[in-house]
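Novice: Need coordinates for the following:
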Amino acid sequence: MLQIAFIRENQEKVIKALAKRNMDATAVVEEVVQLDERRRATQVELDGILSESNKLSKDIGELMKGGEKSKAAILKEKTVLLKEKSKALAETADLLAAELSEKLYTLPNLPADIVPEGKTPEENLNVFQEGDIPVLHEGAQPHWELVKKYDIIDFELGNKITGAGFPVYKGKGAKLQRALINYFLDKNTAAGYNEVQVPHMVNEASAYGTGQLPDKEGQMYHDATDNLYLIPTAEVPVTNLFRDVILNENELPILTTAYTPCFRREAGSYGAHVRGLNRLHQFDKVEIVRVEHPDKSYEALDGMVAHVKSILQELKLPYRILRLCGGDMGFTSALTYDFEVYSTAQERWLEISSVSNFETFQANRLKLRFKDKDGKNQLAHTLNGSSLALPRVLAGILENYQTAEGIVIPEVLRSYCGFDIID
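Specialist: Numbering: from 1, shown residues only. Presented below is the predicted three-dimensional model:
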């Protein structure tokens, strides 16, 4: 959530920045500022009445001590009127504050200055590419055919048990999945990230805290009975570990990693581009989350990008890094880098990771602060990244490592798998 003080003092800057997201925010920014002015004016009036009421209470006490009960009774009548007025003003202030928060929730984060202009994914900026695209043998197949051939993932069985988008991993497919999870976690913890295990359901406050609500409400599985949400990413519970927390400056940075299943309704997703592992309703992902000092968050973002690069280099998968344009960025992000692996059998790039800096956007919702050297509370910066999402990494391995004899396991994973080939 954007800070109201920043909006109030930088209205034109906010409108111009959100225009990079192809959003005309003029009307909502004006409405937000007017609501804030009314709320502050109401609060000033309320504070004045409360101050006057407190003074009258002291005066009444003094009059009662002096035996001047009739004068005290007159003042008491006045305090009753002030109490009624203060109650009405408090209710108005609360209503204005709630309306203001509701409007602020509709405003996405401001893009960083280096975010490129653009409306569609085709306008994202390719900033890095590495790895040779392998030449496959004649008769090479996409992963949805390979998993049938080697009986390692069963989409039809998952459909029978639950529905489309809930695959069953079998045999060497299940072991390869587990190997990837352990490998990613080991890489992350070796890089200084502290591993945690977190709940796979969150409450409404947590979903609001990281910005999934109200923006992504339709994409989340919701248990209406207990008002809980299945997590779309480990980012939600991990970042909420720090909700309503005031850290000491010397505790920063905080680096955390977690493996969780992720659940997304993916409403409206259909077509050949979502076949097989390309788009699922339940999938596994290992996440990295950082809480940083504002002065160091972009240095930290570069470090996270380098870390994900090192994993893909060890897996020896061809990949590229995109700096997302304003029109393709997530609601909460100030700057996002997407990683894509090349699927040789599908002849297309598959997104496997997003690494983002949210600056103070999430921290403002979370009330995640740190006490600086002067003893003042400041909002921290939050960052997160996939390290990595498994389905498309697995698709890339199955397709790019296939041979006429079977699917060769990347060398770095063999000790985790306990086998060298799926045949």
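Novice: For the rest of this, base every contact and every neighbour count on C-alpha atoms.
Specialist: Fine.
Novice: What are the boundaries of the helices in the chain?
Specialist: Ranges of helices in the chain, per DSSP state H, are 4-9, 11-19, 26-65, 69-104, 143-149, 155-161, 171-190, 204-209, 235-239, 297-315, 361-366, 390-400, 414-417.
Novice: so can I have a markdown table of those helices showing distance to Thr336 and mean pLDDT?
Specialist: Formatted as a markdown table, these follow (distance: least, C-alpha to C-alpha, whole Å; pLDDT from 0 to 100):
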| stretch | distance to Thr336 | mean pLDDT |
| --- | --- | --- |
| helix 4-9 | 22 | 96 |
| helix 11-19 | 16 | 97 |
| helix 26-65 | 24 | 91 |
| helix 69-104 | 22 | 89 |
| helix 143-149 | 28 | 97 |
| helix 155-161 | 32 | 97 |
| helix 171-190 | 20 | 98 |
| helix 204-209 | 19 | 97 |
| helix 235-239 | 15 | 98 |
| helix 297-315 | 9 | 98 |
| helix 361-366 | 14 | 97 |
| helix 390-400 | 19 | 96 |
| helix 414-417 | 31 | 98 |
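Novice: what's the closest of the ones you listed to Leu136?
Specialist: Ranking the helices of the chain by their distance to Leu136 (criterion: C-alpha to C-alpha) puts helix 390-400 first, at 7.4 Å.
Novice: Measure how that closest one sits relative to helix 171-190, angle-wise.
Specialist: Orientation check (axes from the mean of the first three to the mean of the last three C-alpha atoms, to 10 degrees): helix 390-400 against helix 171-190 gives 120 degrees.
Novice: Give me the distance between helix 390-400 and the centre of its chain.
Specialist: Distance of helix 390-400 from its chain centroid, counting by C-alpha atoms, centre = their mean, to the nearest Å, is 24 Å.
Novice: tally of neighbours for Lys373?
Specialist: Using other C-alpha atoms under 10 Å, Lys373 has 10 other residues around it.
Novice: ok, Leu75 - contacts?
Specialist: By C-alpha atoms under 8 Å, 6 or more residues apart in numbering, Leu75 lies in contact with 56, 60.
Novice: Quick check: the residue of the chain most remote from its centre vs Gly61, distance?
Specialist: Most distant residue from the mean C-alpha position of the chain: Gly67, 64.6 Å away (C-alpha atoms, centre = their mean). Gly67 sits at a distance of 10 Å from Gly61 (criterion: C-alpha to C-alpha, to the nearest Å).
Novice: Show me where the stretch 251-400 of the chain dips below the pLDDT cut-off.
Specialist: Within the stretch 251-400 of the chain, the ranges that satisfy pLDDT under 70 run 267-273.
Novice: so where do the strands sit in it?
Specialist: 254-263, 282-292, 319-323, 335-343, 348-359, 369-371, 377-379, 381-389 (DSSP state E, counting those that start in this stretch).
Novice: about what we covered before: could the helices of the chain be laid out in a markdown table, adding distance to Lys285?
Specialist: What follows is these, written out as a markdown table (distance: least, C-alpha to C-alpha, whole Å):
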| stretch | distance to Lys285 |
| --- | --- |
| helix 4-9 | 35 |
| helix 11-19 | 31 |
| helix 26-65 | 36 |
| helix 69-104 | 30 |
| helix 143-149 | 19 |
| helix 155-161 | 19 |
| helix 171-190 | 8 |
| helix 204-209 | 18 |
| helix 235-239 | 10 |
| helix 297-315 | 13 |
| helix 361-366 | 21 |
| helix 390-400 | 6 |
| helix 414-417 | 17 |
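Novice: mind checking which of the ones you listed is nearest Phe263?
Specialist: With C-alpha to C-alpha as the criterion, Phe263 lies closest to helix 235-239 of the helices of the chain, at 11.9 Å.
Novice: Check which helices and strands that closest one is in contact with.
Specialist: Packing contacts for helix 235-239, counted by 3 or more C-alpha pairs under 8 Å, 6 or more residues apart in numbering; DSSP states H and E, involve helix 204-209, strand 254-263, strand 282-292.
Novice: now the second one: how far from the chain's centre is it?
Specialist: Averaging C-alpha coordinates over strand 254-263 and over its chain gives two centres that are 11 Å apart (C-alpha atoms, centre = their mean).
Novice: swap in the last one?
Specialist: For strand 282-292, the separation from the chain centroid amounts to 9 Å (computed by C-alpha atoms, centre = their mean).
Novice: what angle sits between that strand and strand 348-359?
Specialist: 30 degrees.
Novice: So which bits of strand 282-292 are buried?
Specialist: Neighbour-count burial for strand 282-292 flags 282-292 (criterion: 16 or more other C-alpha atoms under 10 Å).
Novice: And for the first one?
Specialist: Within helix 204-209, the residues that qualify as buried are 206-209, counting by 16+ other C-alpha under 10 Å.
Novice: hmm, back to that, for the helices and strands packed on helix 235-239, which one sits closest to Ser354?
Specialist: If we rank the helices and strands packed on helix 235-239 by C-alpha to C-alpha, the stretch that ends up nearest is strand 282-292, at 10.0 Å.
Novice: what's the closest one in contact with?
Specialist: So strand 282-292 is contacted by 165-166, 181, 184-185, 188, 193, 233-235, 238-239, 252-264, 300, 380-391 (C-alpha under 8 Å, 6+ apart).
Novice: Give me the buried subset of those residues.
Specialist: Buried residues within these, counting neighbours by 16+ other C-alpha under 10 Å: 165-166, 181, 184-185, 188, 193, 233-235, 238-239, 253, 255-264, 300, 380-391.
Novice: Let me know the distance separating the residue nearest to Val341 when sequence neighbours are not counted from Asp295.
Specialist: Among residues not flanking Val341 along the chain, Tyr319 sits closest, at 4.2 Å (C-alpha to C-alpha, 6 or more residues apart in numbering). Tyr319 sits 30 Å away from Asp295, taking C-alpha to C-alpha as the criterion.
Novice: Which one's more surrounded, the two?
Specialist: More neighbours surround Tyr319 than the other of Tyr319 and Asp295, with 24 against 10 (other C-alpha under 10 Å).
Novice: so what's the more buried one up against?
Specialist: Taking C-alpha under 8 Å, 6+ apart as the test, what Tyr319 contacts is 129-131, 312, 339-342.
Novice: for those residues, which one is nearest Cys417?
Specialist: Set against Cys417, the nearest of the contacts of Tyr319 by C-alpha to C-alpha is Leu312 (17.6 Å).
Novice: picking that back up, buried subset of the contacts of Tyr319?
Specialist: 312, 339-342.
Novice: Closest to Leu146 out of the contacts of Tyr319?
Specialist: Taking C-alpha to C-alpha as the measure, Leu146 sits nearest to Tyr342 out of the contacts of Tyr319, at 16.8 Å.
Novice: contacting residues for that closest one?
Specialist: Contact analysis of Tyr342 by C-alpha under 8 Å, 6+ apart lists 133, 317-319, 348-350, 396.
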